[in-house]
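Novice: task: produce atomic coordinates for the following.
(chains A and B)
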Amino acid sequence: MLNIKLRTRFAPSPTGYLHIGGLRTALYSYLFAKQNNGQFILRLEDTDLKRQVEGAAERIYEGLKWAGLNYDEGPDVGGDFGPYIQSKRLKLYKNHADELIQKDRAYYCFCTDETLEKMREEQIAKKQAPKYDRRCLNLPADEIESRLKNNEPHVIRMKIPANRIIEFNDIVRGKVAYNTNELDDQVLLKSDGYPTYHLAVVVDDHLMQISHVTRTEEWLPSTPKHILLYEYFGWERPHWAHLPLLLNPDKSKMSKRKGDVAVEDYIKKGYLAEAMINFLAFLGWNPGTEKEIYSIEELLKDFSLEKVHKAGAIFNIEKLNWYNQYHMRQMDLDKLTEACIPYLTEKGLIFPKFDHSFEIAAIKGPFTVKEFEINQTKEKISFDFIKKAVALERERASNLSQIGESVRLFFEEPEYDKDLLFWKDASKEEIKNSLKILEKIINEIPEKSFTKEKLQEIIMPEAQKLPNRGIMLWPLRAALSGQKASPGPFEIAEALGKEKTLERIKKAIEKL
RNA sequence: GGCCCUAUCGUCUAGUGGUUAGGACACCACGCUUUCAAUGUGGUAACGCGGGUUCGAUUCCCGCUAGGGCUGCCA
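Specialist: Residues are numbered from 1 along each chain as shown, chains lettered A, B, ... in the order given. A predicted model of the protein is given here:
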């Protein structure tokens, strides 16, 4: 793109949380802007009073920051084109709506909801397309004046010209054309004085000098209205890129009822921002090579808006899990451990708790406290102890929350049924005998050389003497973990330390 | 109903006027292995249908079908 000033924006409405589809839209907009030396702007479209939600704006800021999509301008960071919240720009929209009235491109409409509803019902009954019948279009000037003077509720509608073909070139879809006969005389300014999306988006995108409007496909049919508005105002139109939708497994537009759609839901489950970005980037785009693992920096190099697909993509959680597991496995262990700590406290395994909520901790990480105690025993433990546990469990988890759970065996005495100790068809005597040997030889290992290598060196020869080494290794692992599936016995023993290892072996012997 | 958009394995997708239609996730089998995970090897699985154009269409055109979006003083 040759623009000297390339500017994109992400413009969600703060109705509660950051939508996962919104995050992808934001990602594409961010990548496109940043790879072209442009600016990425956040604007809040809060023009629907009925849908205002307390704290929704903050949740959008936090979500974007979590994902690493830092915006150059926005409500909380400022900028030269503010305010970046539409409810603070009401005067602007009013003035622009008035301008259109002056230019005879818009008109006052006094129709009530009931009137409109009745009209629509009749049209549908007659199998006509529901459309405003323009009954207020040619109201006499003096009537308008007196009704306005009486403070009669009214809106401002735009005039749509008859039978014109509006054409535009969409960056992802190519040439798209609509006939204005299909368009309704869109309400621009509502009776409460707030603008509709259509007015606000055009006014703001122009005033904020947005060069490329990136948004999802659902906006495609209203683009001709926007183009008309640019014409009416005498403004140069921006470029449009209508992105494919994110879909539910049943191919409908991704929605709350059919799964989690809030970014924070995924954060709470313990998905890494790196994995989420990687996954989302590939839902609707790919580099055309076989490279599938991407950091945001690499995306900045290879992403291309022109290569974005036209068809919607199903949000496939299995693939996200795979990406997350992959990114967890290759993440720096200290960072991963820090990221896991909120989950361990959430599950009641360790103290201290944070001064803020789990949600905030999960989003904001990393956790800076380095002194902990095990909740159950009040024993002091180090960051390194947690790190060892995390290192072992990251191998078989696909999110942070799972690590938080599977790591439990390092912090609490496991509870299990004695049947778990039996390896295949080994007898009770064989198992008991194995554990007794283990107790004896492990006890002889000096505390300071209690490593998995040493344990292996001492234990394996004993295990080899048995008809099958599983007869010794399985009950050891079961006694230490209390679980059917876990890391290997030597690793667990090393992390647990000599004392706890022996304790757990004794417990197992008692059970038999 | 009207308008519009879309269409390659179950899913995300690569790809071409002539290919054994490639990869990844998931799934299955085998190997490794004390379990699980990871990993290695192999496997099942796709061009929606009908017409054209062409020596030849998955690829280009048209129609159909299917799915989706829009059709609000929601965004």
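Novice: assign A:Asn138 to helix, strand or coil.
Specialist: Here A:Asn138 is recorded as coil under DSSP: H, G, I helix; E, B strand; the rest coil.
Novice: and it, backbone torsions?
Specialist: When quoted as degrees, to the nearest 10, the phi and psi of A:Asn138 stand at phi -110, psi 40.
Novice: next one: the one 3 residues further on
Specialist: Backbone torsions for A:Ala141, taken as degrees, to the nearest 10, come to phi -60, psi -40.
Novice: can you name the residues of the stretch 401-512 of chain A sitting close to RNA strand B?
Specialist: Residues of the stretch 401-512 of chain A lying close to RNA strand B by C-beta under 7 Å from any atom of the strand are A:423, A:469-470, A:473-474, A:477, A:484-490. For glycine as for every other residue, the C-beta is placed from the backbone atoms N, C-alpha and C.
Novice: how about those in a markdown table, adding pLDDT?
Specialist: What follows is these, written out as a markdown table (pLDDT from 0 to 100):
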| residue | pLDDT |
| --- | --- |
| A:Trp423 | 91 |
| A:Arg469 | 92 |
| A:Gly470 | 93 |
| A:Leu473 | 96 |
| A:Trp474 | 96 |
| A:Arg477 | 97 |
| A:Lys484 | 93 |
| A:Ala485 | 93 |
| A:Ser486 | 95 |
| A:Pro487 | 96 |
| A:Gly488 | 96 |
| A:Pro489 | 96 |
| A:Phe490 | 96 |
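Novice: tell me where the stretch 1-150 of chain A has helices.
Specialist: A:20-34, A:56-67, A:90-102, A:113-125, A:141-149 (DSSP state H, counting those that start in this stretch).
Novice: about what we covered before: emit the ChimeraX select command for whichever of the residues of the stretch 401-512 of chain A next to RNA strand B are buried.
Specialist: Entered in ChimeraX, the line below selects the buried ones among these, by 16 or more other C-beta atoms under 10 Å:
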select /A:423,469,473,474,477,486,487,488,489,490
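Novice: tell me which entries of the residues of the stretch 401-512 of chain A next to RNA strand B lie within strands.
Specialist: For those, membership in strands holds for none, with DSSP state E as the criterion.
Novice: which of the residues of the stretch 401-512 of chain A next to RNA strand B fall within helices?
Specialist: Residues from these lying in helices, with DSSP state H as the criterion: A:470, A:473-474, A:477, A:489-490.
Novice: hang on, the earlier thing: highest average neighbour count across the helices of the stretch 1-150 of chain A?
Specialist: Among the helices of the stretch 1-150 of chain A, helix A:20-34 has the highest mean neighbour count (mean count of other C-beta atoms under 10 Å), at a mean of 25.
Novice: which one of the helices of the stretch 1-150 of chain A lies closest to RNA strand B?
Specialist: RNA strand B sits nearest to helix A:113-125 of all these, at 5.7 Å, using C-beta to the nearest atom of the strand.
Novice: and the closest one, anywhere near RNA strand B?
Specialist: Yes - applying C-beta under 7 Å from any atom of the strand, one finds helix A:113-125 touching RNA strand B at A:113, A:116, A:120.
Novice: alpha carbons only: can I get that helix in PDB?
Specialist: Taking C-alpha atoms only, helix A:113-125 is exported to PDB below (Å, rounded to 0.1, in the frame of the first residue of the first chain):
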ATOM      1  CA  ASP A 113     -42.200   2.800  16.700                       C
ATOM      2  CA  GLU A 114     -45.800   1.600  16.500                       C
ATOM      3  CA  THR A 115     -46.300   3.200  13.100                       C
ATOM      4  CA  LEU A 116     -43.200   1.600  11.800                       C
ATOM      5  CA  GLU A 117     -43.900  -1.800  13.200                       C
ATOM      6  CA  LYS A 118     -47.400  -1.700  11.700                       C
ATOM      7  CA  MET A 119     -46.100  -0.700   8.400                       C
ATOM      8  CA  ARG A 120     -43.500  -3.500   8.400                       C
ATOM      9  CA  GLU A 121     -46.100  -6.100   9.300                       C
ATOM     10  CA  GLU A 122     -48.300  -5.000   6.500                       C
ATOM     11  CA  GLN A 123     -45.400  -5.200   4.000                       C
ATOM     12  CA  ILE A 124     -44.500  -8.600   5.200                       C
ATOM     13  CA  ALA A 125     -48.100  -9.700   4.900                       C
END
